[in-house]
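Visitor: Pasting the sequence and the predicted model now:
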Amino acid sequence: MSSSPTENRITGTPLVAALDGFRAYAIAGVVLIHVLLASGVVARTEGSLANTAIWGLLGNVIDAFFIISGFVLFLPVVVRGGDLGGIGRFARGRAARLLPGYWLCLVVALGLVLIVPPFAALGTPSALEIAANFAALQMPIQLFVADVAIGFGIDGALWMISVIVGLYFLLPLIARPYFRHPLLGLALAAAITLGWKQLALHSGLFEAIAPEGAVPWAIRLVALDQLPGWLFSFGLGMTGAWAYVRARERFSPETLSRRALQALPVALASYILFAYLYGKTGDTVSGAVTGSVARSDSVGALGSSLSRAALMGAIILGPLWLQRPFANPFASRAAELSFGLYLVHVIVIVYAARYLGLGTDGGVGTLALWLVVVFPVSFLYALASSRLVERPARDWVRRRERRGRPPGRAAARGVFEPRVADGDVGADPQSGAADAYQSRSLS
């Protein structure tokens with residue numbers, strides 16, 4: 001059976017249900033790699049093919065978030081012919097999707113550090129540290145100021161929020177010209193990412209401006225993972241959204257499905273090849289910095305991103321049976337909770353290690369115990385965050401937007417809105433697919 005994606009009847013934006021699965025599995029991959037590190041599995045398999053596979057398949061899964069973000073945010077722009085839909089509405093929509101859950105997690109982390117710190121060395125966060133984290137500047141400030149810990153020292157995964165916020169600020173500036181020249185835009189994104197990596201690794205600039213006492217190799221890795229280092233991934237998603245819409249305009253679903261199946265073996269083989277190369281680069285070091293070190297291989301990192309995007313494209317254009325593992329009620333529900341899961345899972349790992357005394361021998365039993373603790377607790381937090389904070393905040397913004405809408409203007413249902421029984425439907429038409437999809441995403 002060929003693929004037959006539906007469309008929003010008002011906005012005309014395609015429904016790409018498989019993105020739910022991509023998001024859910026990518027989140028699971030991020031949590032899993034951190035559990036494998038905490039449980040000692042990575043240390044136990046160091047130097048083996050298993051370790052190469054772990055880092056190759058999971059070490060850069062964060063990259064999928066930025067590809068999906070570019071696709072989701074740019075898809076409605078393509079459908080509207082390059083129109084973002086209003087900077088004010090875009091900003092309010094993004095803030096409503098991101099900030100309530102993010103700020104809640106920071107409040108939880110700050111409270112834990114002040115009341116039951118897992119390490120005596122943490123101390124009380126300074127005013128600057130608190131302000132930087134709440135302003136989502138925790139990643140860039142690492143280049144200039146010492147003693148400002150990401151996530152107050154217990155939630156290092158929050159570094160990515162700085163990059164996401166940077167992408168939100170960037171998109172309104174480039175949406176229209178990028179729509180007009182999507183291939184040139186992708187080429188420029190690749191050039192910027194490559195140039196930034198070289199600047200971070202070889203120029204000595206960031207070591208020169210680093211705070212006193214900073215470790216040179218650590219500063220280089222921090223610089224590497226700043227916003228410019230992810231522009232190619234974001235551009236892959238944006239150009240992919242443009243190509244997706246154009247392909248659906250030009251070819252029938254049957255033709256697209258057939259060609260996607262023909263491209264699938266090449267995309268899959270390329271993905272496996274670059275995953276292996278990425279994993280081999282990661283084998284040269286050990287510990288939590290392995291992912292960043294592997295990303296320092298510019299060609300390998302960009303090839304990994306490109307092959308991942310190609311594989312995702314083949315799936316979303318392929319037949320329904322190929323999409324089904326990613327487009328199903330379980331994936332949709334998991335994707336809805338993915339933001340909270342990502343935000344809190346490192347906190348759960350830190351406190352499980354400190355107060356539950358979970359093992360670190362890398363054994364099967366030890367890994368199973370870590371999984372039983374980390375995933376359920378993180379999901380319960382994500383559920384509470386979604387129900388008590390994130391959804392109410394989104395609904396409040398949505399009601400205000402509707403009150404400001406001219407009389408007689410119909411409310412469009414977001415094409416990425418989860419179709420669930422609890423009534424979380426409806427979205428501001430200014431952002432169409434992206435605004436609705438963000439109700440359960442990081443981007």
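Guide: Done, it's in. Numbering: from 1, shown residues only.
Visitor: Tell me how far residue 271 lies from residue 174.
Guide: Distance of residue 271 to residue 174, given as CB to CB, to the nearest Å: 28 Å. Placement of C-beta: from N, CA and C, glycine included.
Visitor: Which of those two has more residues huddled nearby?
Guide: Neighbour tally, residue 271 and residue 174, criterion other CB atoms under 10 Å: the higher count belongs to residue 271, 22 against 18.
Visitor: Does the more buried one touch residue 311 like I think?
Guide: Yes: if you go by CB atoms under 8 Å, residue 271 and residue 311 touch, sitting 4.8 Å apart.
Visitor: which residues sit in contact with the nearest residue to residue 153 once chain neighbours are set aside?
Guide: Spatial nearest neighbour of residue 153, excluding adjacent residues (CB to CB, 6 or more residues apart in numbering): residue 122 at 4.9 Å. Counting by CB atoms under 8 Å, 6 or more residues apart in numbering, residue 122 touches 113, 149, 152, 153, 154.
Visitor: Return the closest of the residues you listed with respect to residue 393.
Guide: residue 152 (22.3 Å; CB to CB).
Visitor: That closest one contacts residue 110, correct?
Guide: Yes: between residue 152 and residue 110 a contact is recorded at 5.7 Å, counting by CB under 8 Å.
Visitor: list the residues that contact both of those two?
Guide: Common contacts of residue 152 and residue 110 (CB under 8 Å, 6+ apart): 125, 130.
Visitor: For those two, indicate the residue with more neighbours.
Guide: residue 152 (24 against 19).
Visitor: residues in contact with residue 345?
Guide: Going by CB under 8 Å, 6+ apart, residue 345 touches 30, 31, 34, 157, 374, 378.
Visitor: Just give the nearest non-adjacent residue to the last one, would you?
Guide: Nearest-residue entry for residue 378: residue 345, 4.4 Å, with adjacent residues in sequence omitted and distances by CB to CB, 6+ apart.
Visitor: Next, give phi and psi for the one you found.
Guide: phi -60, psi -30 (degrees, to the nearest 10).
Visitor: what's the residue closest to the geometric middle of the protein?
Guide: When the chain is reduced to its mean C-alpha position, the nearest residue by CA atoms, centre = their mean turns out to be residue 65, at 2.7 Å.
Visitor: what's around residue 56, how many residues?
Guide: Residues lying near residue 56 (other CB under 10 Å) number 25.
Visitor: Equivalent analysis for residue 276, please.
Guide: So residue 276, with other CB under 10 Å, has 17 neighbours.
Visitor: One more: residue 115?
Guide: Around residue 115 there are 7 residues (other CB under 10 Å).
Visitor: what does residue 86 give?
Guide: Residue 86: 14 neighbours (other CB under 10 Å).
Visitor: I'd say the residue nearest to the centre of the chain and residue 160 touch.
Guide: Yes: Residue 65 is within contact range of residue 160, at 7.1 Å (criterion: CB under 8 Å).
Visitor: Relative to residue 152, how far out is the nearest residue to residue 210 once chain neighbours are set aside?
Guide: Excluding its sequence neighbours, the residue lying closest to residue 210 (CB to CB, 6+ apart) is residue 219, at 4.5 Å. Counting by CB to CB, the gap from residue 219 to residue 152 is 21 Å.
Visitor: do the same with residue 78
Guide: 39 Å.
Visitor: what does residue 73 give?
Guide: 29 Å.
Visitor: Okay, residue 381 and residue 141: tell me how far apart.
Guide: Applying CB to CB, the value for residue 381 to residue 141 is 26 Å.
Visitor: cool, residue 256 as well?
Guide: Here the criterion is CB to CB. By it, residue 256 lies 45 Å from residue 141.
Visitor: returning to what we had before: so which of the contacts of residue 122 are in strands?
Guide: Using DSSP state E, no member of these sits in strands.
Visitor: Among those residues, which ones are in helices?
Guide: Of these, the ones assigned to helices by DSSP state H are residue 113.
Visitor: Most widely separated two among the contacts of residue 122?
Guide: 113 and 149, at 9.2 Å, using CB to CB across the contacts of residue 122.
Visitor: helix/strand/coil for the nearest residue to residue 211 once chain neighbours are set aside?
Guide: Distance criterion CB to CB, 6+ apart; nearest residue to residue 211, sequence neighbours excluded, is residue 146 at 3.8 Å. Following DSSP: H, G, I helix; E, B strand; the rest coil, residue 146 is assigned to coil.
Visitor: Wait, residue 146 touches residue 219, no?
Guide: No: checked against CB under 8 Å, the pair residue 146 and residue 219 is beyond contact range at 10.6 Å.
Visitor: contacting residues for residue 78?
Guide: Per CB under 8 Å, 6+ apart, neighbours of residue 78: 179, 241, 242, 245.
Visitor: Can you give me the neighbour number for the second one?
Guide: Yep, that's residue 241 we're talking about. Residue 241: 26 neighbours (other CB under 10 Å).
Visitor: Equivalent analysis for residue 281, please.
Guide: There are 22 residues near residue 281, going by other CB under 10 Å.
Visitor: Identify the residue spatially nearest to it, adjacent ones excluded.
Guide: Nearest non-adjacent residue to residue 281, counting by CB to CB, 6+ apart: residue 294, 4.3 Å away.
Visitor: For the strand or helix carrying the one you found, name the packing helices and strands.
Guide: Take DSSP states H and E as the rule and residue 294 turns out to sit in helix 290-295. For helix 290-295, the packing partners by 3 or more CB pairs under 8 Å, 6 or more residues apart in numbering; DSSP states H and E come out as helix 49-58, helix 216-224, helix 253-282, helix 298-317.
Visitor: so which of these is the most packed in?
Guide: helix 298-317 (a mean of 22; mean count of other CB atoms under 10 Å).
Visitor: Which is the succeeding secondary structure element to that one?
Guide: helix 320-323.
Visitor: average pLDDT across that following helix?
Guide: On average, the pLDDT along helix 320-323 is 94.
Visitor: before we move on, what about stretch 262-275?
Guide: 96.
Visitor: do stretch 83-103 as well
Guide: Rounded mean pLDDT across stretch 83-103 is 93.
Visitor: Just give me how far it sits from the chain centre.
Guide: Taking CA atoms, centre = their mean, to the nearest Å, one finds the center of stretch 83-103 at 16 Å from the center of the full chain.
Visitor: Flag every buried residue along it.
Guide: For stretch 83-103, the buried set under the neighbour-count rule, 16 or more other CB atoms under 10 Å, comprises 84-85, 89-90, 92-94, 96-102.
Visitor: what ranges of the stretch 301-443 of the chain fall below the confidence cut-off?
Guide: Within the stretch 301-443 of the chain, the segments meeting pLDDT under 70 span 404-443.
Visitor: ok, which stretches of it are helices?
Guide: With helices called from DSSP state H, counting those that start in this stretch, the stretch 301-443 of the chain shows them at 320-323, 329-336, 338-351, 364-385, 391-403, 432-437.
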